[in-house]
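Q: Return atomic coordinates for the entry below.
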Amino acid sequence: MTGRKSCDSSAFSYKQVIVVRTDIKMSKGKVAAQAGHAAVSAAEYARKNRPEWWTPWTREGQCKIAVKAKSEQELMDLERKARNAGLPAALIVDRGLTQLPPETMTCLGIGPAPADKVDAITGKLSLL
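A: Numbering: from 1, shown residues only. This is a model prediction of the structure:
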């Protein structure tokens, strides 16, 4: 993306974070698909329920960051924290049709929301 600043810069007031479990084996394609589910599901929730966050996020360029979670428990804890903070959150549970057993939690989408609110929950996680 030429001419664009990183999502970590102050140029973005809103962001979405996709948290991906790294303790389960998923191909790159599976990770991409699951992250896509998380991004779309969380964004759609925000579009319907938090348009005051969704609209400026789309106008800014839809900043997204992908980070790592080390376990199912960590993913669930992050979802709880996001919901308790009033942030859009979408926990993705795989149907088990390809690589994973049914009901495997794979990803979590948080936001779009104000960057500082998302960072309060995900800011210490390592980039994917």
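
Q: what about the helices in this structure?
A: Assigned helices in the chain, in chain order: 28-49, 51-60, 72-84, 115-122 (criterion: DSSP state H).

Q: Name the residues of the shortest one that come out as buried.
A: Within helix 115-122, the residues that qualify as buried are 115, 117, 118, 121, 122, counting by 16 or more other C-beta atoms under 10 Å. Backbone N, C-alpha and C define where each C-beta goes, glycine included.

Q: any chance of the helices of the chain in TSV, plus mean pLDDT and distance to residue 12?
A: Shown next, in TSV, are those (pLDDT from 0 to 100; distance: least, C-beta to C-beta, whole Å):
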stretch	mean pLDDT	distance to residue 12
helix 28-49	98	15
helix 51-60	97	5
helix 72-84	98	18
helix 115-122	97	6
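
Q: Show residues contacting stretch 86-99.
A: Stretch 86-99 is touched from outside by 25-27, 30, 34, 37-38, 41-43, 45-46, 49-50, 53, 75-76, 79, 82-83, 100, 102-113, 117-118, 121, with contacts defined as C-beta atoms under 8 Å, 6 or more residues apart in numbering.

Q: The longest strand along the chain: how far from the chain's middle?
A: Looking across the chain with DSSP state E, the single longest strand is strand 104-114. In this view, strand 104-114 has its centroid 3 Å away from the chain centroid, taken as C-alpha atoms, centre = their mean, to the nearest Å.

Q: what's the angle between that strand and helix 115-122?
A: 150 degrees (axes from the mean of the first three to the mean of the last three C-alpha atoms, to 10 degrees).

Q: any idea of the angle strand 104-114 forms with helix 28-49?
A: Using the same axes, to 10 degrees, strand 104-114 lies at 40 degrees relative to helix 28-49.

Q: can you pull the pLDDT of residue 2?
A: The per-residue pLDDT reported for residue 2 equals 37.

Q: before we move on, what about residue 7?
A: 75.

Q: and it, how many neighbours does it have?
A: Using other C-beta atoms under 10 Å, residue 7 has 18 other residues around it.
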